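**Q** could you work out the structure for the sequence below:
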Amino acid sequence: MGEEDCQRLQATIQALSYLIELIGEKDTTISRLRALLAKPSTEKTSKVLEQAGLGTAPKNTPSPPPTNQKPGHGRNGAEAYRGARRIKIAHAALKPGDRCPRCWKGKVYEQKEPALRIRVVGQAPVAATVYELERLRCNLCGDVFEAEAPEGVGEKKYDESAAAMIGLLKYGSGVPFYRLEGLEENLGIPLPASTQWEIVAESAELIRPAFEELIRQAAQGEVFYNDDTSMKILALARASPHRAEMEEESSSSHERTGLFTSGIVSTHSGQRIVMFFTGRKHAGENFARVLAERAQGLAPPIQMCDALSRNLPKLPEKLEILVGHCNAHARRRFVQVTPNFPQECRFVLEALGEVYGYDAQAEEQGLSPEARLRFHQEHSEPVMKQLHTWFRAQFEEKRVEPNSGLGEAITYCLKHWERLTLFLREGGAPLDSNLVERALKKAILHRKNSLFYKTENGAEVGDLFMSLIHTCELDGANPFDYLTELQKHAEELAKNPAVWMPWNYRQTLQQAGANGDSA
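**A** Predicted structure coming up:
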């Protein structure tokens, strides 16, 4: 045995001895063992190389000047409280133009920036008010006279805001119905889980036109991201797969037993739209459903996904799509084998890191798609060509075994090289599919907390709320306010859903208010 192998064996024996000692200690926890043995939760190049026993190469770019405070840390200013109610308070003794009470010579004038005080209070997610209406009864004829309830009270028990809050907690924050039921019970407001479902199911029918319009507008997008994750629907999981798939269009789907939630993100004219679809269909099949709404004559869209064939749509009509594959997925293959091939993986990770650095610079400069393409062709293309040459040399010069972990990672990149480098040929093509990966965390959060959907209808309601909520988050809209206003204006929404999207519904409300005031 060579000296290097001997040192590895000795280190392994020492690690095993240390692990046995830890297991024998009563204070050892599972989390402590997991932190010791598991891979780091981040795939950042510096962390991956550090775990492999390597240091990162020094960067040529100058580092920013040191500060005493890390970015993103510290107190939130008043401007961060976008949803707060703002109350203007006038000075009790002075008004603009009065004499100065101190020098009695000058005059006071209003400052551009007011003094600010922030008061944060706690409240129940769903609050209730009991109106006690006085009743009077005639002692002669027996008629009972009841006081009139305030306007808007008595027509229905649950307000539109209650449905919006329940939907936001359930499908936006992953709070199961039973947890909200327990919380509200502790606060003295009974809200059974069955009642919560009835509320969101009823509101889903009112706001469904917004979801359908979201799909139609998303179909006109320029860049699409799609992927899927596993999901369980009890009604389908318990049924016979053949029976459950009798109505499926695809003949191959009759043998499919898996259940998935597909996430599709569409970008168009600066707007980002997120859609979720849960069932037996894969991401590619759901993507085909969206593209069926695409208008004719538009330029071929760009699709960004990983290399799984089930992400590609099968369309009945010919529709040209520019497919790009995710560089983050390709990079992850090298991250996984870095402990076994540290030097080789270091070269790959740092090369891809340089490309991502150029992409970050293009984003910081706010370059247009065409300018960004030229920027990548000037800076990133030489790096990618060098990386491609290095990949081929590993096999041609027999430096790497093709069946090894590193060989398989290189083979994956060479096989999909054209689609991995689409960003070097098409303006607006992204480097990876991280946008849809982050969107799918909504579905994963629901799966982690609620475990499953009970029925297909429940899955459709969940997809509807998740799509609207996450689209609001990406476009900077308030999802609670949006869901509330959609219910209040359900009739107007059904007539013209295009003006009730997360990015323009506020303008629609302002126009409606102006027209109402003028009338």
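**Q** how about the helices in the stretch 351-500 of the chain?
**A** Under the criterion DSSP state H, counting those that start in this stretch, the stretch 351-500 of the chain contains helices at 369-396, 405-415, 417-420, 434-439, 441-450, 456-474, 479-488, 490-495.
**Q** in CSV, list those helices along with mean neighbour count.
**A** C-beta: built from backbone N, CA, C; applies to glycine. Listed next are the helices of the stretch 351-500 of the chain as CSV, based on neighbours: other CB atoms under 10 Å:
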stretch, mean neighbour count
helix 369-396, 15
helix 405-415, 18
helix 417-420, 17
helix 434-439, 20
helix 441-450, 18
helix 456-474, 22
helix 479-488, 21
helix 490-495, 15
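**Q** so which of the ones you listed gets nearest residue 101?
**A** Across the helices of the stretch 351-500 of the chain, residue 101 has its closest neighbour in helix 479-488 (42.5 Å, CB to CB).
**Q** of all the helices of the stretch 351-500 of the chain, which one comes closest to residue 186?
**A** Proximity to residue 186 (CB to CB) singles out helix 441-450 among the helices of the stretch 351-500 of the chain, at 18.7 Å.
**Q** so what secondary structure elements neighbour the closest one?
**A** Applying 3 or more CB pairs under 8 Å, 6 or more residues apart in numbering; DSSP states H and E, one finds that helix 441-450 contacts strand 223-230, strand 260-268, strand 271-279, helix 456-474.
**Q** helix or strand right after the first one?
**A** It stands for strand 223-230. Next helix or strand after strand 223-230 toward the C-terminus (DSSP states H and E): helix 234-238.
**Q** which parts of that next one are buried?
**A** Buried positions in helix 234-238, judged by neighbour count with 16 or more other CB atoms under 10 Å: residue 236.
**Q** which elements pack onto it?
**A** Under the contact criterion of 3+ CB pairs under 8 Å, 6+ apart, helix 234-238 touches no helix or strand at all.
**Q** which helix or which strand is home to the residue of the chain most remote from its centre?
**A** No residue in the chain sits farther from the centre than residue 140, which is 66.7 Å out by CA atoms, centre = their mean. Using DSSP H and E, residue 140 sits within no helix or strand.
**Q** 2 is where my numbering starts, stick with that
**A** Right, with 2 as the first residue, what we last looked at is residue 141.
**Q** of all the helices of the stretch 352-501 of the chain, which lies closest to residue 504?
**A** Among the helices of the stretch 352-501 of the chain, the nearest to residue 504 by CB to CB is helix 457-475 (8.8 Å).
**Q** report the angle between the closest one and helix 442-451.
**A** 130 degrees (axes from the mean of the first three to the mean of the last three CA atoms, to 10 degrees).
**Q** tilt between helix 457-475 and strand 261-269?
**A** 30 degrees.
**Q** pLDDT weak spots in the stretch 2-151 of the chain?
**A** 27-28, 32-33, 35-42, 53-54, 56-75 (pLDDT under 70).
**Q** which residues in it form helices?
**A** Under DSSP H, counting those that start in this stretch, the stretch 2-151 of the chain gives helices at 4-25, 31-38, 46-52.
**Q** just send the ones you listed back as JSON lines, with mean neighbour count and distance to residue 500 too.
**A** Shown next, in JSON lines, are those (neighbours: other CB atoms under 10 Å; distance: least, CB to CB, whole Å):
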{"stretch": "helix 4-25", "mean neighbour count": "10", "distance to residue 500": "62"}
{"stretch": "helix 31-38", "mean neighbour count": "10", "distance to residue 500": "50"}
{"stretch": "helix 46-52", "mean neighbour count": "17", "distance to residue 500": "46"}
